[in-house]
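Undergrad: with the sequence up front, the predicted model follows.
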Amino acid sequence: MKSDRLRRRHATAKIFRLLCAAVAWAGVVILAVLLFHVTREGIRWLDFQFLTEFPSRFPEQAGIKSALWGTVWLITLTAAISIPVGVAAAIYLEEFSPKNRLSQLIEVNIGNLAGVPSIVYGILGLVLFVRFLALGRSVLAGSLTMTLLILPVIIIAAREALRAVPDSIRQAAFALGATRWQAVRAQVLPVALPGILTGVILALSRAIGETAPLVMIGALTYVAFVPEGPMDAFTALPIQIFNWASRPQEDFHQLAAAGIIVLLVTLLLMNATAVWIRQRAERTGR
Amino acid sequence: MNTLTKSEAPISSTQQPRPVLEVVEVTIRYGEKPAINKVSLSIPQHRITAIIGPSGCGKSTLLRAFNRMNDFIPNVKMEGQILYMGSDIYVREVDPVEVRRRIGMVFQKPNPFPKSIFQNVAWGPSINGFTRNLEARVEQSLRRAALWEEVNDRLHESALALSGGQQQRLCIARALAMEPDVILMDEPCSALDPVSTARIEDLMFELKERYTIVIVTHNMQQAARVSNLTAFLENGSLVEFGETDQVFTRPRNKRTEEYVTGRFG
Ligand SMILES: Nc1ncnc2c1ncn2[C@@H]1O[C@H](COP(=O)(O)OP(=O)(O)OP(=O)(O)O)[C@@H](O)[C@H]1O
Ligand SMILES: [Mg+2]
């Protein structure tokens, strides 16, 4: 009787485990197929020249230089604006602001903002940055729009990371006569840093692949120059990919595939850097 | 003074040097319910005062009131006064940060910062502007906390690699590095084995030469062993307060007797 029930429990556990494994592997397999397909399509075009040439009407001469640099500009500016603002907001909300109705309202709202479709941020960016602040179709306007888009994600992730820091650390700091800022700055932040970094990287990874808001604010689709300052016009990798993929010629489809590979490698590099920084932070934290 | 009746003797015969902390008619509430109810007592200098009582009677609440750590708990309200060296620490002009620099605290669970041993001890002094001779200060604090011999060859290794008892002594060293007047300890040995406990008790004996110590403990033997004075709390009220000898051998209150002899609580 008893061992019967035990056997049933083991069986349930086994079925559940198989189910989870199946789902996890399905994800991996789909990704692998996708990667394989893209690589086979695009590998032919992927050479040094592809990275150093501007787009062109002739597929043999077309490259992704302007889009790659546009993306680098876009992400660098976005990171420079969104990380300080987002982390500061999270620190304020988590460590300083009183916990009351208002802060709950703000919390719920930030959660909602994270779920707003990116095209809406594009419209906001168009009205606010491009037109009202007259920044034009500049890479700065794009970065500010991207900042709006990913701020909620950064704030939420950073708050989670701060909340995960044991209260005993704050207590220890306060009991030594630390002010709130001293406690946060020297003891809480270093412990939360790896978690904050993870959130930041996830958010920036999202920004790097976003197309809709950039199309909305009018990022150009054909750009034969590299932005030299924040006020220059720009294009970005996903836009260039979209542009090529929507042309009828097969060659351009393959160029799009090559562009996707560049995008993926950029993402991979970013994530690897993040993991590296995080591990360093964790090691020195010990 | 020598005309005092015997029943009053314990409190006044303490003949304590001047009180460092005085609690005057203090009531502390979380929301509505009082956790500490009209408690008055005074803590003499360079003595160890133990606070005992059943779980939930308000010992930690009272202890945290001494260095304003209750400020961090929402909805805490306090009435009455707590005087440190004769002046109220809850008036508006007093900066709680200043209070905590003078009145240090050691917590129930060792809570070292996830940094090196050196950084753990040096941080308090350095944020408070004592940056000269930091190394000497760290060494002195570790020596006073009876930890120096065990860690002097690995000061720059992580504090988290220490044993529980060593971590607790590190937390004591960290508090000592601020050169406080008073050290509050909330069940500092409850997470430790008997050997580490004995070491910390020895340490308290040495420390009371220089510091005033207030300790909360659930361990009757510990209270009897280490303290000079004992306060017995029950349901937020002070039931008895006097010389430890007297409280344990000739308690004036029936409840105290039952508690210290282990018949309840
Ligand atoms: N943060 C809080 N919010 C609300 N009530 C609290 C809080 N902390 C303590 N209390 C209540 O106050 C009373 C006294 O708590 P306190 O922690 O001071 O007891 P204690 O004597 O230290 O108990 P223990 O020996 O278990 O540590 C308890 O009834 C407890 O439920
Ligand atoms: Mg307690």
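TA: Looks like it came in fine. Numbers count the residues shown, from 1 in each chain, chains lettered A, B, ... in the order given. Ligands and ions are numbered 1, 2, ... in the order given.
Undergrad: in the helix or strand harbouring A:Leu193, what's buried?
TA: In this structure, A:Leu193 sits in helix A:189-209 according to DSSP states H and E. Counting neighbours by 16 or more other C-beta atoms under 10 Å in any protein chain shown, one finds that the buried residues in helix A:189-209 are A:189-201, A:203-205, A:207-208. For every residue, glycine as well, the C-beta is placed using N, CA and C.
Undergrad: show me what that helix is packed against.
TA: Here helix A:189-209 touches helix A:65-91, helix A:139-163, helix A:237-245, helix A:250-285, going by 3 or more C-beta pairs under 8 Å, 6 or more residues apart in numbering or on different chains; DSSP states H and E.
Undergrad: of all the ones you listed, which lies closest to B:Ile172?
TA: Taking C-beta to C-beta, helix A:250-285 is the member of these nearest to B:Ile172, at 23.3 Å.
Undergrad: re earlier: of the helices and strands packed on helix A:189-209, which stretch is the most buried?
TA: Ranked by mean neighbour count, those are led by helix A:139-163 with a mean of 24 (mean count of other C-beta atoms under 10 Å in any protein chain shown).
Undergrad: any part of it near chain B?
TA: No. Residues of helix A:139-163 are not located near chain B by C-beta under 8 Å from any C-beta of the partner chain, the shortest gap being 14.3 Å.
Undergrad: now that helix: average pLDDT?
TA: Helix A:139-163 shows a mean pLDDT of 94.
Undergrad: tell me the angle of it relative to helix A:65-91?
TA: When axes from the mean of the first three to the mean of the last three C-alpha atoms, to 10 degrees is applied, the directions of helix A:139-163 and helix A:65-91 differ by 40 degrees.
Undergrad: now the angle from helix A:139-163 to helix A:189-209?
TA: Using the same axes, to 10 degrees: helix A:139-163 against helix A:189-209 is 140 degrees.
Undergrad: following element in sequence after the helix holding A:Leu193, please.
TA: helix A:212-217.
Undergrad: next, the residues that contact that following helix from outside, please.
TA: For helix A:212-217, the external contacting residues (C-beta atoms under 8 Å, 6 or more residues apart in numbering or on different chains) are A:117-119, A:121-123, A:125-126, A:129-130, A:137, A:141-142, A:145-146, A:149, A:236, A:238-239, A:242.
Undergrad: same question for stretch B:52-61.
TA: Residues contacting stretch B:52-61 (C-beta under 8 Å, 6+ apart): B:28, B:35-37, B:51, B:70, B:186, B:216-218, B:220, B:223, B:230-236, B:239, B:259-260, B:264-265.
Undergrad: from those, keep the buried residues only.
TA: Looking at the contacts of stretch B:52-61 with 16+ other C-beta under 10 Å, the buried ones turn out to be B:28, B:35-37, B:51, B:70, B:186, B:216-217, B:220, B:223, B:230-234, B:236, B:239, B:259-260, B:265.
Undergrad: follow-up on the earlier one: put the alpha carbons of the helix holding A:Leu193 into CSV.
TA: The C-alpha trace of helix A:189-209 is given here as CSV (Å, rounded to 0.1, in the frame of the first residue of the first chain):
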residue,chain,number,x,y,z
LEU,A,189,25.5,48.3,-3.8
PRO,A,190,28.5,46.0,-4.1
VAL,A,191,26.4,43.0,-3.1
ALA,A,192,23.7,43.9,-5.5
LEU,A,193,26.0,44.8,-8.4
PRO,A,194,26.0,41.4,-10.2
GLY,A,195,22.2,41.3,-10.2
ILE,A,196,22.0,44.9,-11.4
LEU,A,197,24.4,44.1,-14.2
THR,A,198,22.4,41.1,-15.3
GLY,A,199,19.3,43.3,-15.6
VAL,A,200,21.2,46.0,-17.4
ILE,A,201,22.5,43.6,-20.0
LEU,A,202,19.2,42.0,-20.6
ALA,A,203,17.7,45.4,-21.1
LEU,A,204,20.4,46.5,-23.5
SER,A,205,20.1,43.3,-25.4
ARG,A,206,16.5,44.1,-25.9
ALA,A,207,17.4,47.5,-27.1
ILE,A,208,19.9,46.2,-29.7
GLY,A,209,17.2,44.2,-31.4
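Undergrad: thinking again about what came up before, among the helices and strands packed on helix A:189-209, which is nearest ligand 1?
TA: Among the helices and strands packed on helix A:189-209, the nearest to ligand 1 by C-beta to the nearest ligand atom is helix A:139-163 (17.3 Å).
Undergrad: show me what that closest one is packed up against.
TA: Looks like helix A:139-163 contacts helix A:65-91, helix A:101-114, helix A:118-125, helix A:189-209, helix A:212-217 (3+ C-beta pairs under 8 Å, 6+ apart).
Undergrad: from the chain's centroid, how far away is the second one?
TA: Between the centre of helix A:101-114 and the centre of its host chain there is 21 Å, according to C-alpha atoms, centre = their mean, to the nearest Å.
Undergrad: near chain A, which residues of the stretch 1-150 of chain B?
TA: B:67, B:69, B:72, B:74, B:97-98, B:100-101, B:104-105, B:107, B:109, B:111-115, B:123-124, B:127-128.
Undergrad: between the helices and strands packed on helix A:189-209, which gets nearest to B:Ala173?
TA: Closest of the helices and strands packed on helix A:189-209 to B:Ala173 is helix A:250-285, at 20.9 Å (criterion: C-beta to C-beta).
Undergrad: give me the buried positions along stretch A:109-119.
TA: A:Ile110, A:Leu113, A:Ala114, A:Ser118.
Undergrad: tell me how far the first one lies from chain B.
TA: What that stands for is A:Ile110. Counting by C-beta to the nearest C-beta, to the nearest Å, the separation of A:Ile110 from chain B is 21 Å.
Undergrad: tell me how many other residues crowd residue 103.
TA: Picking chain A for this. Neighbourhood size, A:Ser103 [other C-beta atoms under 10 Å in any protein chain shown]: 14.
Undergrad: that was the other one, I meant chain B.
TA: Other residues near B:Ile103 number 26, with proximity taken as other C-beta under 10 Å.
Undergrad: and A:Leu124, by the same measure?
TA: With other C-beta under 10 Å as criterion, A:Leu124 counts 18.
Undergrad: what parts of the stretch 51-200 of chain A come near chain B?
TA: A:98-99, A:166, A:168-179, A:182, A:186-187, A:190-191.
Undergrad: ok, now with 6 Å
TA: Contacts of the stretch 51-200 of chain A with chain B, taken as C-beta under 6 Å from any C-beta of the partner chain, map to A:Ser168, A:Ala172, A:Ala175, A:Leu176, A:Gly177, A:Ala178, A:Thr179, A:Gln182, A:Gln187.
Undergrad: state the helix or strand in which the residue lying closest to the first one once chain neighbours are set aside lies.
TA: It refers to A:Ser168. Among residues not flanking A:Ser168 along the chain, B:Asn111 sits closest, at 3.9 Å (C-beta to C-beta, 6 or more residues apart in numbering or on different chains). Remark: B:Asn111 resides in no helix or strand, with elements defined by DSSP H and E.
Undergrad: most widely separated two among the buried residues of stretch A:109-119?
TA: Greatest spatial distance among the buried residues of stretch A:109-119 (C-beta to C-beta): A:Ile110 and A:Ser118, at 16.2 Å.
Undergrad: OK, contacts around A:Val139?
TA: Neighbour list for A:Val139: A:Trp73, A:Leu74, A:Pro227, A:Pro230, A:Phe234 [criterion: C-beta atoms under 6 Å, 6 or more residues apart in numbering or on different chains].
Undergrad: dump those to CSV, plus distance to A:Arg40 and pLDDT.
TA: Shown next, in CSV, are these (distance: C-beta to C-beta, whole Å; pLDDT from 0 to 100):
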residue, distance to A:Arg40, pLDDT
A:Trp73, 31, 92
A:Leu74, 29, 92
A:Pro227, 33, 83
A:Pro230, 38, 85
A:Phe234, 30, 84
